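Engineer: next input, structure requested:
(3 chains)
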Amino acid sequence: MGRYSLSKKHILTNSSVLDSVFSVGKKLTHSACSLYYLKQDSIEDLRVAFSVGKKTHKLAVNRNKIKRLMREAFRLNIPEFNLGAHDLVFVFFSKDVPAYNEIEDSIKSLLLSLSKTIKS
RNA sequence: UUUUUGAAUCGCCUUGUCGCUAUUCAUAGAGGAAAGUCCGAACACCAAAGUACGACACAAUGGCUAACGGCCAUCAGCCGAAAGGUUAGGAAAAGUGCAACAGAAAGUAUGUACAGAUAAUGCUGUAGUGAAAUCAGGUAAACUCUGUGUGGUGAAAUGCCAUGUAAACCAGCUCUUGAGAAUUGUACGUUCAAUGUUGGAGGGUGGGCAGCUAGAGUAUAUAGGCAACUAUAUAUCAAGAUAAAUGACAAGGGCUCCGUUAGGAGUACAGAAUUCGGCUUAUAGAUUCACUUAAAAG
RNA sequence: GGGUCAUUAACUCAGUUGGUUCAGAGUGCUACCUUGACAGGGUAGAAGUCACUGGUUCGAAUCCAGUAUGACCCA
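Structural biologist: Residues are numbered from 1 along each chain as shown, chains lettered A, B, ... in the order given. Purely as a prediction, here's the structure:
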């Protein structure tokens, strides 16, 4: 496994866990993205999920594209932040189809503020 | 040559770095519509999957096909100058219904005026209203009739393994006089029915494997056929995910548009979900072939 | 993945099955009357491509086919 890898183990798939993250977990927002997060003691690594609403983006092509961009940005930037075991959910809610730079900016700043809040 | 008409094809390419999914560990990895879910099948299941009625679909003639509501050819109607396009094109002499306004009258019809003919009436022709007016009238995309077809449910089907709980609780029904149930609109039939069955409220799981990708497959050639299509031979074939992979960045080259150049902008519609055959809808741009001659230019 | 419906005035709904007879009701809007003025009341008026595109028909909001948007059901 390389330094920048992000394989299927780290994708959050269980629906009940997702529900709990949305209801119990806390929320951060930056420009076009929101981040829900919840600390988990039972697991060792962090797990992520990405979401784009069907209301804002009707075409499946655009939804897939945005999710892939978000995952790419997360994959390249996560090694700089040393987070513990957490469940993260990124939600995209803007109505435009963004470029890669904008997504990377917002995800970077979200991760930065998350690490600050965890340390403090 | 432009325009017009028809048929068919393509659906940007290459390299590098970092990733994702599958497995043979080195390869492969999204379409012509993957879409809509409008039809037809394959495949699977149902303690009888049976019979009748109902309901629904289709409709010129002949052919193709696994099948079809699809496709091909021919005839007829309509549109077009032509090439060609288009049509839910069975039956009104089985029955029922419907037709505003106008008009004498819109079917238990046949009135009036004029003309013709006749012994006379009936009769024949013309007139006005209207979409339709005497013709065994129109309307079936009104009911209906005729012919043909359809059992129902859909990979969340179905089979196996693992994990885990509750053989608990409440209510109803029934031991042959038949409650209730058996994935179907109704009836009949058939089958099950006390370690029974139905409903309620509640508890647990919500993982894995198979189904799952080589098939009515694709391409080329030859033969048959007007064609759809069929037969034979040869070659060829690596997506298989499941909160759902097929991406990001960089460089170079195509193509289109703008611009005198430098250069700039754009590169559609759109993302597999069991698999096929069609139909319908969306689609930048490019290419090939055939056909017509009305118009414009030479 | 599979299925069922809806779309009519600015808003909420009738009418659609069964074709032609004025596309209607309430709320809101505009003008006038009533009042010293407002509210309320009364009178009158405007506002519609019947979601869109085609077809059948003499004639379509209504029948048929396709498209778009929205809602719901199955687990």
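
Engineer: the least confident helix or strand in chain A by mean pLDDT - contacts with which helices or strands?
Structural biologist: Within chain A, confidence by mean pLDDT, DSSP states H and E is lowest for helix A:15-24 among all helices and strands, at a mean of 76. In terms of contacts (3 or more CB pairs under 8 Å, 6 or more residues apart in numbering; DSSP states H and E), helix A:15-24 is packed against strand A:33-39, strand A:86-92. For glycine as for every other residue, the C-beta is placed from the backbone atoms N, C-alpha and C.

Engineer: starting at the chain centroid, how far to the longest helix seen in chain A?
Structural biologist: Secondary structure of chain A read by DSSP state H shows that its longest helix is helix A:100-119. From the chain centre to the centre of helix A:100-119 is a distance of 10 Å (CA atoms, centre = their mean, to the nearest Å).

Engineer: over to stretch A:60-79?
Structural biologist: With CA atoms, centre = their mean, you get 9 Å for stretch A:60-79.

Engineer: average pLDDT across it?
Structural biologist: The pLDDT scores in stretch A:60-79 average 87.

Engineer: which residues are in contact with it?
Structural biologist: For stretch A:60-79, the surrounding residues in contact (CB atoms under 8 Å, 6 or more residues apart in numbering) are A:3-6, A:33, A:48, A:50-52, A:54, A:57, A:90, A:92, A:97-98, A:100, A:103-104, A:107-108, A:111.
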